[in-house]
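In: Build me a model from this:
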Amino acid sequence: MELECKTTHLNCYDTVLDTTLYQEETLESIVPDACPDILRIVDTEAVVCLKSKEAQEGRIEVAGTARCAVLYVPDGAEGLRRMTISIPFTCSAEHAGLGSSCRLMAVPRVQAADARSLNPRKVLTRVSLAVEVQVFAPRTASFCDGVECESAAGIQQLGETQSACLVIAVEEKPFTFSDDLNLSGSKPAMEELLKSRVDLRCSESKIIGNKLIFKGEAELQLLYREPSGAICPASFELPFSQIMEVSGVEEDADCTLQVLLTGCDCSLDGGEGHTVAVSLAMLAQAVVREERQIALLSDVYSTVYELNAERRPYTFYRLMEHTERRVMVREILETVTPAREVCDVYVTVGAVSQSREGSQVNLSAETTVNVVYRGEDGSLCTVARTLPCSCSVELAEGASCTCRCTCPGERFATPAGGGIEVRYPLDFRYLALMPHNTTGVYDIRLDESALRNTAGQPSIVLRMVGEGERLWDIAKAYGTTMDDIVQANALGEDVLPMGQLLLIPKKR
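Out: Sure thing, here's the model as predicted:
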């Protein structure tokens with residue numbers, strides 16, 4: 001007699017790799033002929049842009065450029081000057097599960113950048129990078145949820161429903177922003193653009209039909225030198241709104257969306273120094289997870305024939321938490337000379353780690369805050385300090401946790417007694433999943449030539465229910481059905497109290 005498994009097929013993605021790659025690059029550069037000699041380097045800040053990412057058989061590769069702005073005091077000239085140095089980087093990782101069909105998500109960030117002058121016309125620049133990568137492999141998951149057969153076979157089936165958080169869609173979309181931005185009337189004119197940085201934030205995302213609609217802001221922060229030689233900041237909020245194609249997901253699905261730079265160009269436009277031409281290239285990367293209910297055939301037997309069921313293990317993950325915790329960092333940085341005013345402040349995020357004690361998970365990150373300030377004697381100076389930050393969350397034991405850390409929003413720095421007081425926010429965004437292991441039937445073989453051996457089995461059996469025993473287990477052990485036991489004992493439900501004496505009728 002032929003038995004056919006009823007199989008459910010589900011298209012989803014497996015997480016093949018979730019790690020952070022670390023890379024350090026150095027480059028010697030000659031000061032351009034149009035720039036004066038270097039007397040003293042004041043500050044070095046880098047902005048990283050992703051250029052390419054590729055998944056291959058057994059390997060991934062991520063490439064980009066770190067554009068470093070080296071600010072220095074010139075020899076024999078007034079005012080701060082800038083030297084721009086572009087440092088290319090390529091990092092890779094190997095893993096047996098990688099293939100060309102995998103979807104690769106990559107988010108590079110700068111951990112630190114510095115430069116030193118080898119001589120007045122030569123600079124050695126170093127940049128330390130971290131690239132967070134996630135790789136998803138497409139697959140079709142198949143689950144047997146039942147058996148189709150003739151009633152004469154006496155097939156008994158036990159099904160269960162598992163809740164599983166699955167990655168259903170992994171998509172990306174490149175987009176651009178270009179505009180001419182005007183300084184406010186209260187700002188002095190720009191003579192030279194010294195630095196630019198862009199903070200990208202996604203403030204809203206929503207799935208409607210097969211569209212993922214997301215909105216956010218690109219906060220552009222500029223540092224420039226005015227004609228008098230003073231250093232001035234300027235900032236602009238550049239909103240964006242985009243639509244990304246997604247398919248096969250419900251509108252209440254959980255979406256992780258990250259927007260990053262793939263290109264950034266800022267330059268003075270016009271001779272009056274009040275307009276900046278800005279061109280940004282960005283890439284939005286989305287990972288969509290959805291809670292699905294999966295029907296699974298967990299056990300099967302026949303009351304008539306000998307039956308052999310092949311089983312396989314399954315691990316399902318349930319979404320525990322996907323949220324964000326903000327920590328405010330506040331510290332006073334000691335300075336060598338008293339600070340008269342702060343010209344610039346920025347923060348880089350280093351290594352992110354976690355530790356667990358029971359149900360408490362401690363998320364921690366190293367941040368480095370850099371402040372460019374003018375001392376009381378009028379000289380430009382820099383102070384930098386690495387500050388550890390942590391955040392504790394309650395997660396049930398056994399839950400896995402992945403965490404990303406960013407420094408969004410405005411950073412504050414102001415002269416204070418003995419140094420400079422800094423304040424900035426740090427967001428820990430974490431995803432917690434709880435694994436559940438089970439087994440399910442995937443193949444069944446029934447031998448019609450081998451009847452179930454009931455010889456020597458009495459027609460009536462009295463059986464006491466053991467601790468944790470199910471009605472299914474008892475029925476299967478004696479080759480009868482749960483319905484027969486329920487009717488013979490006038491049971492109202494399938495829950496069996498331990499120690500109850502049951503009458504087990506023989507299946508005829």
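In: Next, the buried residues of the host helix or strand of residue 68.
Out: If you go by DSSP states H and E, residue 68 is part of strand 59-74. The neighbour-count check on strand 59-74 (16 or more other C-beta atoms under 10 Å) flags 60, 62-74 as buried. Yep, even glycine has a C-beta here, placed from its N, CA and C like the rest.
In: How about stretch 483-498?
Out: Across stretch 483-498, burial judged by 16+ other C-beta under 10 Å covers 484, 485, 486, 489, 496.
In: For it, which outside residues touch it?
Out: By C-beta atoms under 8 Å, 6 or more residues apart in numbering, the list of residues contacting stretch 483-498 from outside reads 465-471, 474-475, 482, 502-505, 507.
In: May I have it exported as PDB, CA atoms only?
Out: Extracted in PDB, the C-alpha atoms of stretch 483-498 (Å, rounded to 0.1, in the frame of the first residue of the first chain):
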ATOM      1  CA  ASP A 483     -10.300   7.300  20.400                       C
ATOM      2  CA  ASP A 484     -10.700   3.700  21.500                       C
ATOM      3  CA  ILE A 485      -9.000   4.400  24.800                       C
ATOM      4  CA  VAL A 486     -11.100   7.500  25.400                       C
ATOM      5  CA  GLN A 487     -14.400   5.700  24.700                       C
ATOM      6  CA  ALA A 488     -13.400   2.700  26.800                       C
ATOM      7  CA  ASN A 489     -12.600   4.900  29.800                       C
ATOM      8  CA  ALA A 490     -15.200   7.700  29.200                       C
ATOM      9  CA  LEU A 491     -12.500  10.200  29.200                       C
ATOM     10  CA  GLY A 492     -13.500  13.800  28.700                       C
ATOM     11  CA  GLU A 493     -10.100  15.100  27.400                       C
ATOM     12  CA  ASP A 494      -6.700  13.900  26.300                       C
ATOM     13  CA  VAL A 495      -4.900  15.100  29.500                       C
ATOM     14  CA  LEU A 496      -4.200  12.100  31.700                       C
ATOM     15  CA  PRO A 497      -3.800  12.500  35.500                       C
ATOM     16  CA  MET A 498      -0.800  10.500  36.700                       C
END
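In: could you pull out the helices for the chain?
Out: Along the chain, counting by DSSP state H, helices occupy 471-477, 482-489.
In: Pull the number of nearby residues for residue 430.
Out: Neighbourhood size, residue 430 [other C-beta atoms under 10 Å]: 22.
In: Pull the contacting residues for it.
Out: Taking C-beta under 8 Å, 6+ apart as the test, what residue 430 contacts is 321, 322, 323, 324, 325, 363, 393, 401, 402, 403, 404.
In: Could you give the bridge partners of the second one?
Out: Per DSSP bridges, residues listed as beta-bridge partners of residue 322: residue 431.
In: Pull out the buried positions in stretch 403-415.
Out: 403, 404, 405, 406, 407, 411, 413, 415.
In: which one of those sits closest to residue 168?
Out: Closest to residue 168 out of the buried residues of stretch 403-415 is residue 404 (20.4 Å), distances taken as C-beta to C-beta.
In: Residue 324 versus the closest one, what's the distance?
Out: Distance, residue 404 to residue 324, using C-beta to C-beta, to the nearest Å: 9 Å.
In: go on, residue 35?
Out: Distance of residue 35 to residue 324, computed by C-beta to C-beta: 43 Å.
In: and these two? which has more neighbours close in?
Out: Taking neighbours as other C-beta under 10 Å, residue 35 and residue 324 compare with residue 35 leading, 15 against 12.
In: just to revisit the earlier point, which residues do residue 404 and residue 324 both contact?
Out: Counting by C-beta under 8 Å, 6+ apart, the contacts common to residue 404 and residue 324 are 428, 429, 430.
In: So the second one is in contact with residue 326, correct?
Out: This means residue 429. No - Residue 429 lies out of contact with residue 326 (C-beta atoms under 8 Å); the separation is 9.8 Å.
In: quick one: which of those two has more around it?
Out: Per other C-beta under 10 Å, whichever of residue 429 and residue 326 has more neighbours is residue 429, with 17 against 12.
In: what's the distance between the nearest residue to that one once chain neighbours are set aside and residue 490?
Out: Leaving out its chain neighbours, the residue that sits closest to residue 429 by C-beta to C-beta, 6 or more residues apart in numbering is residue 324, at 4.6 Å. Per C-beta to C-beta, residue 324 is found 55 Å from residue 490.
In: can you check residue 278 too?
Out: In terms of C-beta to C-beta, residue 278 sits 80 Å off from residue 490.
In: Could you save the helices of the chain as TSV and add columns showing mean pLDDT and distance to residue 92?
Out: As requested, those are exported to TSV (pLDDT from 0 to 100; distance: least, C-beta to C-beta, whole Å):
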stretch	mean pLDDT	distance to residue 92
helix 471-477	90	51
helix 482-489	89	56
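In: Burial check on residue 378, number of neighbours?
Out: 7.
In: for it, phi and psi?
Out: The phi/psi pair for residue 378 (degrees, to the nearest 10) reads phi 90, psi -10.
In: quick one: contacts for residue 207?
Out: By C-beta under 8 Å, 6+ apart, the residues touching residue 207 are 213, 246, 249, 250, 251, 252, 253, 255, 288.
In: could you redo the last one with a cut-off of 10 Å?
Out: 169, 213-214, 244, 246, 249-255, 286, 288, 290 (C-beta atoms under 10 Å, 6 or more residues apart in numbering).
In: low-confidence ranges in this structure?
Out: 1-2, 455-456, 493-495, 508 (pLDDT under 70).
In: Mind checking which residue lies nearest the centre of it?
Out: With distances taken as C-alpha atoms, centre = their mean, the chain has residue 404 as the residue nearest its mean C-alpha position (6.0 Å).
In: what sits opposite it in the beta ladder?
Out: For residue 404, the beta-bridge partners are residue 429 (DSSP bridges).
In: My understanding was that it contacts residue 354; is that so?
Out: No - contact status for residue 404 versus residue 354: not in contact, 11.6 Å apart, counting by C-beta atoms under 10 Å.
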